[in-house]
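**Q** please find the sequence and the predicted model below.
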Amino acid sequence: MKLNLTALSVVLIAGVSYGLYQLSYEVQQLEKDLARLDQGIVDNKENIRILKAEWTYQNRPDVLQAMASKYLPLLLIAPYQVASLDALPSVSAPEPTENVPLPRLNPRRHYAPPVDIPKGGIRLATFASRGTPQ
Amino acid sequence: MSGLAWFSKSQRPRINLTTPFGLRSPDLPRHALRLDGSAKETLEQGRNRLVIAGVVFAFCFVILAGRLIGLAISGIGTGDDTIAETSDTPPVVAGTGVRAEIRDRNGVILATTLNTASLFAVPKKVIDPKELAAKLTTVLGDLSEATILSKLASARNFIWLKRNLTPIQQYKINALGIPGLYFRQEEKRFYPMGSLVSHLVGFTDIDNNGIAGIEKSFDAQLSGSDDVAPRDVTLSVDVRIQHALRDELARHMSMFSAIGAAGMVLDVKTGEILGMVSLPDFDPNRPGDFSPDSKFNRVTLGVYEMGSTFKTFTAAMALDDGTVSLNGGYDATKPIHVAGFRIHDDHPKKRWLSVPEIYMYSSNIGAAKMADDVGPKMHRAFLAKLGMLDKPGLEIPEVGAPILPPRWNSLETMTISFGHGLSVSPLQLSAGIAAIVDGGIYINPTVIRRDKDSVLVEHRVISTKTSDTMRRLMRLVVEKGTGGKAEAAGYLVGGKTGTAEKAEGGRYKRNALIASFVSAFPMNKPRYVVLALLDEPKGTPETHGFRSAGWTAAPIVSRLVERIAPILGVEPVDEDSDAIKRAMFVPINSREKKLATF
């Protein structure tokens, strides 16, 4: 009994002290991590500060103006170009157009190839002399 | 145990020997411990002492063990050193002590602090100063070898060679590998916008103490203290408007070969200054390279006799006081001779002029008579209400006080009525005009952004009705009068020209003018006051040699309004529409003899 108690207390003390030291080391490590993270945050903030300053410097209005006048075909806004949404006329949806079916092609006839029409042109359903739908 | 020493070997008390761990061996003879007398007592005493000591030690160890277990399980102490949960300070106070930023109203950085490396030398550790100087000048071109050598020759242990290096310079110096050179991290104030907002933001000395502008007046807030963290300052200026203003002023300044220019955009509803430019200006990143003249803020520190722009105040005063109605007028046939002075018109009409005519043709005679009717006392009180007689309260240190006449009698009232004899800063003029056009309420101008719900310190100067009349009159000047070149289609600009001769040494210089144009837009519902001022403009062939404000300063406003109105969200209106025409109508009531039309 006495032996068991002694053994138990030795094991307990060993276990507890192991736990305590483990905890202590863990805390030390965490504190180191925290300090490192804090330093990292400080460094990052400094870098952000530098990058923001750089960004602002690169976006100076006179630089932007010089670039805009060089690369963009823009002029000063004329009064007639400014309008609010309310001032715009309301555009109704286009009315559905009814499609007239073209006559079916005669499979036995040779048709001339369709002629290219200029852009925006309208192809009308007409009949050529030989009855070719153009 | 010393009591045992005198026993002979055979008489010694015998102790029953047992094997370890209590296992009794059967072949060992059983002995008993026989003790009595003083020996027994001694032994008993010793044993008792041992037990007591043991108990004390055991007690200590039990406590230790208990504490050990407690620590191992809970992991915290008795609670004295626990951290309060509601902590005011943020967990990471990064960059404490770093001077805070100055921003414009949209958050664009105007001044920030960067960490830079500064180069110093320890002369004792330098092996070959000549070689060092020769190598160093290859990287730092602005330092001469002689300067470096003379610096190294001193007996001190620490010598700055160059402060605030760029990262590239630092890298190159590191690459040179010269012993005896060291870097130290230092904070450097950086102004990304360069000279754009130089006069307003100001600058700091090498140790980052603000010595001009906002940097000086908000030094405590920007740098913070041990208890207070540094806080950013948000200004009311908008860099886009500031740039447009500076761009137009600089262009016209060189066009008319002026020696200086000043401009300002002021929000009449809040008193916020959206743009404030004084030319020539300087780069706050290297203020030492610029002359004192370029650091002079013409908008706030410079005071000028503003000329005819003051007729706005004269007309407002007379109309508000009721000494003359809009239909009334004064005879401007002949110049006024008073106390040895002759008051005459630049463009004499030589006839009776109604009040709108006096204003639109900028008649000095008319204005002088108008002010004289009101009287010097009233005149002075009225200008005081408009803030013309006191040093204006603005958040920068460079604010000039107006120069008042030594006495204020009839003559002074007459000259001040058309802007001579009283010198005010362009800032005061703009604030006064803002009060005239914005329903007659004076708001103290500011360079710090005002939030929507902030309380404005304001007081009434003229009635709403007079303010409305004045708006129409100012519009009339641009529509039909001297300020035609200030017209910006759609934005209903109204204003007043002012051309004054510069006073120097008690005399007026004929060849040196201050040409100014103060305006507001849109005139049916004024939102912004725009002021442009040119110092000593010269005439050009395009202006037919004229250098008066209508030719030189008014076009600046026209261009500027066209540029900034879309940014400010002012909607253009149709000037020919009936509603606008009605809103801007003013009866001129001219008695000009028109040629009969047959």
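**A** Happy to help now that I have it.
**Q** distance of the most centrally placed residue in chain A relative to residue B:133?
**A** Most central in chain A under CA atoms, centre = their mean is residue A:55, positioned 19.9 Å from the mean C-alpha point. Residue A:55 sits 38 Å away from residue B:133, going by CB to CB, to the nearest Å. Every residue, glycine included, has its C-beta placed from N, CA and C.
**Q** equivalent analysis for residue B:474, please.
**A** 66 Å.
**Q** Provide the secondary structure category for the closest residue to chain A within the stretch 201-350 of chain B.
**A** Going by CB to the nearest CB, chain A is nearest to residue B:243 of the stretch 201-350 of chain B, at 3.5 Å. Assigned with DSSP: H, G, I helix; E, B strand; the rest coil, residue B:243 falls in the helix class.
**Q** residues contacting it?
**A** Residue B:243 makes contact with A:61, A:62, A:65, B:196, according to CB atoms under 8 Å, 6 or more residues apart in numbering or on different chains.
**Q** give me phi/psi at the residue nearest to the centre of chain A?
**A** phi -60, psi -50 (degrees, to the nearest 10).
**Q** give me the pLDDT for the closest residue to chain A within the stretch 301-450 of chain B.
**A** Nearest residue of the stretch 301-450 of chain B to chain A, counting by CB to the nearest CB: residue B:449, 17.6 Å away. With respect to pLDDT, residue B:449 has a value of 90.
**Q** same check on the one 10 residues further on?
**A** We have a pLDDT of 88 for residue B:459.
**Q** quick check, it in a strand?
**A** Yes: Residue B:459: assigned to a strand according to three-state DSSP.
**Q** which of the contacts of residue B:243 fall within helices?
**A** A:61, A:62, A:65 (DSSP state H).
**Q** what's the neighbour count on the last one?
**A** Think residue A:65. 14 (other CB atoms under 10 Å in any protein chain shown).
**Q** now do the same contact list for residue B:575.
**A** With CB under 8 Å, 6+ apart, residue B:575 has these contacts: B:489, B:490, B:492, B:581.
**Q** if we take the residues you listed, which one ends up nearest to residue B:214?
**A** The closest of the contacts of residue B:575 to residue B:214 turns out to be residue B:492 (CB to CB; 33.4 Å).
**Q** in which helix or strand does the closest one reside?
**A** Using DSSP states H and E, residue B:492 sits in no helix or strand.
**Q** wait, doesn't it sit right on residue B:581?
**A** No: assessed by CB atoms under 8 Å, residue B:492 is found out of contact with residue B:581, at 11.0 Å.
**Q** who has more neighbours out of the two?
**A** Comparing residue B:492 with residue B:581 by neighbour count (other CB under 10 Å), the higher total belongs to residue B:492, at 26 against 11.
**Q** can you give me the distance of the nearest residue to residue A:50 once chain neighbours are set aside to residue B:234?
**A** Ranked by CB to CB, 6 or more residues apart in numbering or on different chains and with sequence neighbours excluded, the top spatial neighbour of residue A:50 is residue B:114, at 5.8 Å. Computed as CB to CB, the residue B:114 to residue B:234 distance reads 20 Å.
**Q** so, low pLDDT: which residues of the chain?
**A** All of this refers to chain A. In the predicted model, chain A carries pLDDT under 70 at residues A:122-134.
**Q** my question was about chain B, not that one.
**A** B:1-35, B:75-97, B:594-598.
**Q** in it, what residue is nearest chain A?
**A** For chain B, CB to the nearest CB, closest residue to chain A: residue B:490, 3.0 Å.
**Q** doesn't that residue fall inside a helix?
**A** No: remark: residue B:490 does not belong to a helix; assigned using three-state DSSP, it is coil.
**Q** surely it touches residue B:577?
**A** No: between residue B:490 and residue B:577 there is no contact under CB under 8 Å: 11.1 Å.
**Q** for residue B:477, pull up the helix or strand it's in.
**A** Per DSSP H and E: helix B:464-480 holds residue B:477.
**Q** residues of the stretch 201-350 of chain B that sit close to chain A?
**A** Residues of the stretch 201-350 of chain B found near chain A, taking CB under 8 Å from any CB of the partner chain as the criterion, are B:239, B:240, B:242, B:243, B:244, B:247.
**Q** from residue B:560, how far out is the first one?
**A** This means residue B:239. 15 Å.
**Q** what residues does chain A put near chain B?
**A** A:3, A:9, A:12-13, A:16-17, A:19-20, A:23, A:38, A:41-42, A:45-46, A:49-50, A:52-53, A:56-57, A:60-62, A:65, A:76-80, A:82, A:84.
**Q** cutoff 6 Å now
**A** A:16, A:19-20, A:23, A:38, A:41-42, A:45-46, A:50, A:53, A:56-57, A:61, A:76-77, A:79, A:82 (CB under 6 Å from any CB of the partner chain).
**Q** quick one: which of these sit in helices?
**A** Those of those lying in helices (DSSP H): A:16, A:19-20, A:23, A:38, A:41-42, A:45-46, A:50, A:53, A:56-57, A:61.
**Q** which PyMOL command selects the buried ones in those?
**A** The buried residues among those can be selected in PyMOL (16 or more other CB atoms under 10 Å in any protein chain shown) with this line:
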select buried, chain A and resi 16+19+20+42+46+53+56+61
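**Q** and the two most separated of the ones in helices among the residues of chain A next to chain B?
**A** Between all members of these, the farthest pair (by CB to CB) comes out as A:16 and A:61, at 68.9 Å.
**Q** ok but residue B:500 is inside a strand, no?
**A** Yes: judged by three-state DSSP, residue B:500 forms part of a strand.
**Q** my read: it touches residue B:305, true?
**A** Yes: counting by CB atoms under 6 Å, residue B:500 touches residue B:305, with 4.7 Å between them.
**Q** which neighbours do the two share?
**A** residue B:419 (CB atoms under 6 Å, 6 or more residues apart in numbering or on different chains).
**Q** closest approach to chain B from chain A, which residue is it?
**A** For chain A, CB to the nearest CB, closest residue to chain B: residue A:79, 3.0 Å.
**Q** list the contacts of that residue.
**A** Counting by CB under 6 Å, 6+ apart, residue A:79 touches B:489, B:490, B:572.
**Q** relative to residue A:8, how far out is residue B:177?
**A** 66 Å.
**Q** and what of residue A:23?
**A** With CB to CB as the criterion, residue A:23 and residue A:8 are 22 Å apart.
**Q** the residue nearest to the spatial centre of chain B: what's it in contact with?
**A** Nearest to the geometric centre of chain B sits residue B:214, at 3.6 Å (CA atoms, centre = their mean). The neighbourhood of residue B:214, defined by CB under 6 Å, 6+ apart, consists of B:102, B:201, B:202.
**Q** export those to JSON lines and tack on secondary structure and neighbour count?
**A** Converted to JSON lines, the contacts of residue B:214 look like this (DSSP: H, G, I helix; E, B strand; the rest coil; neighbours: other CB atoms under 10 Å in any protein chain shown):
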{"residue": "B:102", "secondary structure": "strand", "neighbour count": "25"}
{"residue": "B:201", "secondary structure": "helix", "neighbour count": "26"}
{"residue": "B:202", "secondary structure": "coil", "neighbour count": "27"}
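**Q** can you redo these as a markdown table with distance to residue B:69?
**A** Shown next, in a markdown table, are these (distance: CB to CB, whole Å):
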| residue | distance to residue B:69 |
| --- | --- |
| B:102 | 59 |
| B:201 | 64 |
| B:202 | 65 |
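**Q** is the helix or strand that contains residue B:45 positioned near chain A?
**A** Taking DSSP H and E as the criterion, the element that holds residue B:45 is helix B:37-74. Yes: contact of helix B:37-74 with chain A (CB under 6 Å from any CB) involves B:68, B:69, B:71, B:72.
**Q** report the contact partners of the first one.
**A** Listed by CB under 6 Å, 6+ apart, the contact set of residue B:68 reads residue A:16.
**Q** just the last one next, same as before
**A** Taking CB under 6 Å, 6+ apart, we find residue B:72 in contact with A:16, A:19, A:20.
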